[in-house]
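>>> here is a sequence with its predicted model. Questions after.
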Amino acid sequence: MFDLGQSTRMRTLAAAAATSLLLGGAAHAQAGKPSGMDDMPGMSGNAAGAKNQTASAKGTVAAVDPGQHKVTFDHEPIPAIGWPAMHMEFPAATSVDLSKVKPGAKVQFTLSGSKGNYTVQSITTAP
């Protein structure tokens, strides 16, 4: 038989955890960082002594900002750097021609960097 008291305790614990995440996220947002990003593998802002990594990924272009030379992807998981699928904006290397990149396009792209500071090095149309 299910204990209704246990159900209430579980909801209370879940609400407390959600509140903690939200408050932690607010602190990150105030610091100019997306909520919880430093806690993800490969995302710590401390790049001192970090080794550069290169990773390939697939995704959909969500937005392009040629003026700031940035591109936003809804990307699939990137196992090489331990990232789950997510929506992220990246700076693009000056060699990347963003005039050919259109929102909605399915692409493959290459990142290089370390500790959450990655730059798009190439973008090609996905097969």
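Done, it's in.

>>> partner residues bridging Asn117?
Beta-bridge pairing for Asn117 (DSSP bridges): Ser114.

>>> neighbours of it, just the number please.
Applying other C-beta atoms under 10 Å, we find 16 residues neighbouring Asn117. For the C-beta atoms, the positions are set from N, CA and C on the backbone; glycine is no exception.

>>> let me know the pLDDT of it.
For Asn117, the model assigns a pLDDT of 93.

>>> ok, it to Gln53 distance?
Going from Asn117 to Gln53 by C-beta to C-beta, to the nearest Å gives 11 Å.

>>> domain parsing for this structure?
4-39, 53-125 (automatic domain parsing).

>>> mean pLDDT for those: which is lowest?
Sorting those by mean pLDDT places domain 4-39 lowest, at a mean of 43.

>>> and the strands in this structure, which stretches?
Per DSSP state E, the chain carries strands over the ranges 53-65, 70-75, 86-91, 106-114, 117-125.

>>> the longest one vs strand 106-114, what angle?
I take that to be strand 53-65. For strand 53-65 against strand 106-114, the angle by axes from the mean of the first three to the mean of the last three C-alpha atoms, to 10 degrees is 120 degrees.

>>> other SSEs contacting strand 53-65?
Applying 3 or more C-beta pairs under 8 Å, 6 or more residues apart in numbering; DSSP states H and E, we find strand 53-65 packed against strand 70-75, strand 86-91, strand 106-114, strand 117-125.
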